[in-house]
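K.L.:
What follows is a protein structure lacking sequence information:
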């Protein structure tokens, strides 16, 4: 039988309480690169195209399901924490009678599909596929015991290991694959006669050896099999994961000024000759065109940036579309619904929300533009704000092509500024401004001759 035709069932064990996280949040929902740990594992599982995907949950199961539920997931509850063997046994009723079972862990997020494929192939051939690793510090892991011929004979957990066995640096990662019918039998024969009083999934290795089933061990890169038990380990995995992503981007031709100070918390699609400075965080889906420059300490979330645009330092941009040759920042904020046309400029300390800014238009500094449709070649002076909210409803402002908005102007929506109109500095616009005309709303300037500035009264001591 072709191994590829054998059904694959993936079981993800995600029932651990994670007490060392010291958190009300289930451990598998703590975030790595902006996504729950379990989401990374599910992505890996789906890459293997399983027939069934089963998640065994326990502590905080309702929250886990709410966060990650999907049509292709079958959820199984482990109502008592009796060990990994018991957790795997809980999943068996959800599996078919035939095929291969691959066991993954919800708190081990960095393993790659290509690392797991040899285990699946071994199980499809009737063997027990086992993933091992060699660690400089194997503390906390079960050790791999081999015979004189180098064949795996069993796994001993650290609490049950002798001092000599604890010196072994080859460890069990927990990942294994086996034929469904054999795994059922092996799990049924487990006992809890150990220091923890639990049913160990790892004991199926000894059961396979007793039955003469070959155990095919595959060595994994250590960084792929590191799990998360506390906040320190989570932070360490974050940096490993980010370094992995940074290296992939560098190979793809993207310039990262300092790969150790870059965070990708989603997916990035980038063109040629893109440069990203230090401290940049990219979240969600981000697309960068050719020649895009992103300055230091910017945050981009679900953003599309066209060719030749430049995002200067310390900008926060979310759910926005930035056209070719646009200049943004420094210290600008673009909120959801912002669309900047070609060669537009949004300068320092400018906030834009739910607005279109036309080709070549400029909002250079210290302004708020909200719920606005702005034409091309508009110039907006410093301190301008659109008053788009009346306390109950939002209203829209329209600024037509080539208008000039003087500094310190308030546009009280709904209002329209006609094509080529000029608003004098300090104007509060409450009615439409006609095209091509100067509109003012200033109070007449007065000078009071002889006026004296008040001075403090001097108290006399009695």
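P.N.:
Arrived safely. Since the structure is predicted, the reported quantities are computational estimates derived from the model, not experimental observations. Numbers count the residues shown, from 1 in each chain.

K.L.:
Domains of the chain: list them as residue ranges, please.
P.N.:
Here the domain assignment for the chain is 3-224, 255-439, based on automatic domain parsing.

K.L.:
give the contact list for the nearest residue to residue 27 once chain neighbours are set aside.
P.N.:
Leaving aside its sequence neighbours, residue 27 sits nearest to residue 18 (Cβ to Cβ, 6 or more residues apart in numbering; 2.7 Å). For glycine as for every other residue, the C-beta is placed from the backbone atoms N, C-alpha and C. Residue 18 makes contact with 26-28, 30, 59, 107, 229 under the criterion Cβ atoms under 8 Å, 6 or more residues apart in numbering.

K.L.:
Just confirm residue 166 is within a helix.
P.N.:
Yes. Assessed by DSSP: H, G, I helix; E, B strand; the rest coil, residue 166 belongs to a helix.

K.L.:
okay, it: pLDDT?
P.N.:
For residue 166, the pLDDT comes out at 94.

K.L.:
Next one: it relative to residue 20, how far apart?
P.N.:
21 Å (Cβ to Cβ, to the nearest Å).

K.L.:
Let me see the contact set for residue 357.
P.N.:
Applying Cβ under 8 Å, 6+ apart, the residues contacting residue 357 are 338-341, 344, 346, 363, 369, 372, 374, 378.

K.L.:
What's opposite it in the beta bridge?
P.N.:
Using DSSP bridges, the bridge partners assigned to residue 357 are residue 340, residue 374.

K.L.:
burial count for residue 184?
P.N.:
Residue 184 is flanked by 16 other residues according to other Cβ atoms under 10 Å.

K.L.:
check contacts around the closest residue to residue 396 other than its chain neighbours.
P.N.:
Using Cβ to Cβ, 6+ apart and skipping the chain neighbours, the partner closest in space to residue 396 is residue 371 (5.0 Å). By Cβ under 8 Å, 6+ apart, the residues touching residue 371 are 353-355, 386, 388, 394-397, 413.

K.L.:
could you point out where the stretch 351-462 of the chain is predicted with low confidence?
P.N.:
461-462 (pLDDT under 70).

K.L.:
ok, 90 please
P.N.:
Applying pLDDT under 90 to the stretch 351-462 of the chain flags residues 442-446, 451, 453-462.

K.L.:
What segments of it are strands?
P.N.:
Counting by DSSP state E, counting those that start in this stretch, the stretch 351-462 of the chain has strands at residues 356-357, 362-370, 372-374, 379-380, 385-387, 397-399, 404-405, 410-412, 415-417, 422-423, 428-429, 438-439.

K.L.:
Next: the stretch 151-300 of the chain.
P.N.:
So, for the stretch 151-300 of the chain - with DSSP E, counting those that start in this stretch - the strands run 152-156, 170-179, 215-219, 255-256, 262-270, 275-276, 280-288, 293-294, 299-305.

K.L.:
May I see those strands organised as TSV, with mean neighbour count, mean pLDDT and distance to residue 317 added?
P.N.:
Shown next, in TSV, are the strands of the stretch 151-300 of the chain (neighbours: other Cβ atoms under 10 Å; pLDDT from 0 to 100; distance: least, Cβ to Cβ, whole Å):
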stretch	mean neighbour count	mean pLDDT	distance to residue 317
strand 152-156	21	91	50
strand 170-179	24	95	39
strand 215-219	19	95	43
strand 255-256	16	98	19
strand 262-270	18	96	14
strand 275-276	22	98	14
strand 280-288	20	98	10
strand 293-294	22	98	10
strand 299-305	21	98	5
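
K.L.:
Redo those strands as JSON lines? Include distance to residue 87.
P.N.:
Below are those laid out as JSON lines (distance: least, Cβ to Cβ, whole Å):
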{"stretch": "strand 152-156", "distance to residue 87": "16"}
{"stretch": "strand 170-179", "distance to residue 87": "11"}
{"stretch": "strand 215-219", "distance to residue 87": "21"}
{"stretch": "strand 255-256", "distance to residue 87": "40"}
{"stretch": "strand 262-270", "distance to residue 87": "30"}
{"stretch": "strand 275-276", "distance to residue 87": "42"}
{"stretch": "strand 280-288", "distance to residue 87": "33"}
{"stretch": "strand 293-294", "distance to residue 87": "44"}
{"stretch": "strand 299-305", "distance to residue 87": "36"}
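
K.L.:
Compare those and give me the one nearest residue 78.
P.N.:
strand 170-179 (15.5 Å; Cβ to Cβ).

K.L.:
which sections of the stretch 201-350 of the chain are below the confidence cut-off?
P.N.:
For the stretch 201-350 of the chain, the ranges with pLDDT under 90 are 202, 206.

K.L.:
ok, 80 please
P.N.:
Within the stretch 201-350 of the chain, not a single segment meets pLDDT under 80.

K.L.:
picking that back up, check the residue nearest to residue 27 and give its pLDDT.
P.N.:
79.

K.L.:
List phi and psi for it.
P.N.:
Here is the backbone geometry of residue 18 (degrees, to the nearest 10): phi 70, psi 50.

K.L.:
Next one: it from residue 37, what distance?
P.N.:
For residue 18, the distance to residue 37 - Cβ to Cβ - is 10 Å.

K.L.:
again with residue 333
P.N.:
For residue 333 relative to residue 37 (Cβ to Cβ), the value is 31 Å.

K.L.:
between those two, who's got more neighbours?
P.N.:
Comparing residue 333 with residue 37 by other Cβ under 10 Å, the one with more neighbours is residue 37, at 27 against 21.

K.L.:
can I assume the more buried one is in contact with residue 27?
P.N.:
Yes. Here residue 37 reaches residue 27: they are 7.1 Å apart, a contact under Cβ atoms under 8 Å.

K.L.:
Touching both of the two, which residues are there?
P.N.:
106-107, 228.

K.L.:
which other helices and strands contact the lengthiest helix in the chain?
P.N.:
The longest helix of the chain (DSSP state H) is helix 231-251. Contact analysis of helix 231-251 by 3 or more Cβ pairs under 8 Å, 6 or more residues apart in numbering; DSSP states H and E lists strand 31-32, strand 255-256, strand 262-270 as its packing neighbours.

K.L.:
Quick one: distance of it to the chain centre.
P.N.:
12 Å (Cα atoms, centre = their mean, to the nearest Å).

K.L.:
helix/strand/coil for residue 56?
P.N.:
strand.

K.L.:
what's around it, how many residues?
P.N.:
Residues near residue 56, counting by other Cβ under 10 Å: 25.

K.L.:
Quick check: it touching residue 28?
P.N.:
No. Residue 56 lies out of contact with residue 28 (Cβ under 8 Å); the separation is 10.8 Å.

K.L.:
Quick check: neighbours shared by those two?
P.N.:
residue 14.

K.L.:
Right, I'll leave it there.
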